[in-house]
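Trainee: Can you look at this prediction? I've put the sequence above it.
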Amino acid sequence: MMRRKYEICTVAGIGVHAHWTLYAMLLGVFVWLVWQSVSLSAALAGITLACALFGCVALHEIGHALAARAYGIGTLDITVYPIGGIARLARMPEEPRQEFAIAIAGPAVNLAIAVTLLVALLFANRPLAPRFFIGTEANVLGSLMWLNLALVVFNMLPAFPMDGGRVLRAGLATRMSYPHATRIASYVGQAMAIAFAVVAVFPVPFFRRFNPVLLFIAWFVFTAARQELEHVLRRFET
């Protein structure tokens, strides 16, 4: 039977795994690049960039895990998927400030990576513009810098399961009950998911055709926001 995930390494006693779908996606990207008659060097640069990006996703989750450890909360494991990563905490933080610190730690890691790459590129006098799979001119470090900034922006959107949704709930929970704060944050996330779906289906500036990837993200965010609300309500009812 195929294993669902494979351990890559152990960091600070926490097992970091890659789901089998991640390997399948990387293989698919490589085959697609070769099919598009891209040079072998460019195809390898593309796979290198993809692997580096998912490495940054793993570091993002390690940031969450180490921040949680500072509050005495253990992490069961970390798994990286094609759509992101998940750090399974042993328990939820008990105070809003703890949830805020744990949630913000992940994007802070990506921001630190982006700043480090920016300094390195400037010091080496290398181009900053992202070039993903353009012949031999692929700019892996420049592309990785911009992708990390994109991860910061995307993860700080105020919608579950992104970190911004948890930051929003933590802020609201300082002024109201935890379930009520979760309800508001969940509704904000669902409204954002609906907006994503509208942009994905109907022609708007910058998105002039149907976008199935954005539609999938909309479904994922809407479902995750609703599940988070249901989970919290059940937790406080018992």
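Mentor: Arrived safely, thanks for sending.
Trainee: switch to C-alpha atoms for all contacts and neighbour counts from now on
Mentor: Noted.
Trainee: did I read that right, Met92 in a strand?
Mentor: No: looking at Met92 with DSSP: H, G, I helix; E, B strand; the rest coil, it is coil, so not inside a strand.
Trainee: list the contacts for it?
Mentor: With contact set as C-alpha atoms under 8 Å, 6 or more residues apart in numbering, Met92 has these partners: 73, 99.
Trainee: For it, give its distance to Leu141.
Mentor: Note on Met92: its distance to Leu141, by C-alpha to C-alpha, to the nearest Å, is 35 Å.
Trainee: and if you look at Phe160?
Mentor: On the measure of C-alpha to C-alpha, Phe160 and Leu141 end up 30 Å apart.
Trainee: The two: which is more packed in?
Mentor: More crowded of Phe160 and Leu141, by other C-alpha atoms under 10 Å: Phe160, with 32 against 23.
Trainee: and that one, which of the three is it?
Mentor: Phe160 - assigned by three-state DSSP - is coil.
Trainee: unless I'm mixing things up, it is touching Glu228, no?
Mentor: Yes: contact criterion C-alpha atoms under 8 Å: Phe160 and Glu228 qualify, at 7.4 Å.
Trainee: Please enumerate the shared neighbours of the two.
Mentor: Ser186.
Trainee: Apart from its chain neighbours, what residue comes closest to the residue positioned nearest the centre of the chain?
Mentor: By C-alpha atoms, centre = their mean, the mean C-alpha position of the chain lies nearest to Gly84, the distance being 4.3 Å. Residue nearest to Gly84 in three dimensions, not counting chain neighbours: Val57, with 6.6 Å by C-alpha to C-alpha, 6 or more residues apart in numbering.
Trainee: which residues touch that neighbour?
Mentor: Val57 neighbours (C-alpha under 8 Å, 6+ apart): 80, 84-85.
Trainee: Same list (the residues you listed) but as JSON lines, adding secondary structure and pLDDT.
Mentor: Shown next, in JSON lines, are those (DSSP: H, G, I helix; E, B strand; the rest coil; pLDDT from 0 to 100):
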{"residue": "Val80", "secondary structure": "strand", "pLDDT": "87"}
{"residue": "Gly84", "secondary structure": "strand", "pLDDT": "79"}
{"residue": "Gly85", "secondary structure": "strand", "pLDDT": "83"}
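Trainee: Identify, from these, the entry nearest to Trp20.
Mentor: Trp20 lies nearest to Val80 out of the contacts of Val57, by C-alpha to C-alpha, at 9.5 Å.
Trainee: and the closest residue to the closest one other than its chain neighbours, backbone torsions?
Mentor: For Val80, ignoring the flanking residues on the chain, the nearest one in space by C-alpha to C-alpha, 6+ apart is Ala18 at 4.9 Å. For Ala18, the backbone dihedrals (degrees, to the nearest 10) come out as phi -120, psi 130.
Trainee: and Ala18, what does it touch?
Mentor: Applying C-alpha under 8 Å, 6+ apart, the residues near Ala18 are 5-8, 79-81.
Trainee: Of these, which is the most crowded?
Mentor: Taking other C-alpha under 10 Å as the neighbour criterion, Val80 ranks highest of the contacts of Ala18 with 24 neighbours.
Trainee: what pairs with it across the strands?
Mentor: Val80 has these beta-bridge partners by DSSP bridges: Ala18, Gly85.
Trainee: residues contacting it?
Mentor: Contacts of Val80 by C-alpha under 8 Å, 6+ apart are 16-19, 22, 54, 57-58, 86.
Trainee: between those residues, which is nearest Arg166?
Mentor: Ile86 (14.0 Å).
Trainee: coming back round to it: quickly find the element holding the residue nearest to Gly84.
Mentor: helix 40-70 (DSSP states H and E).
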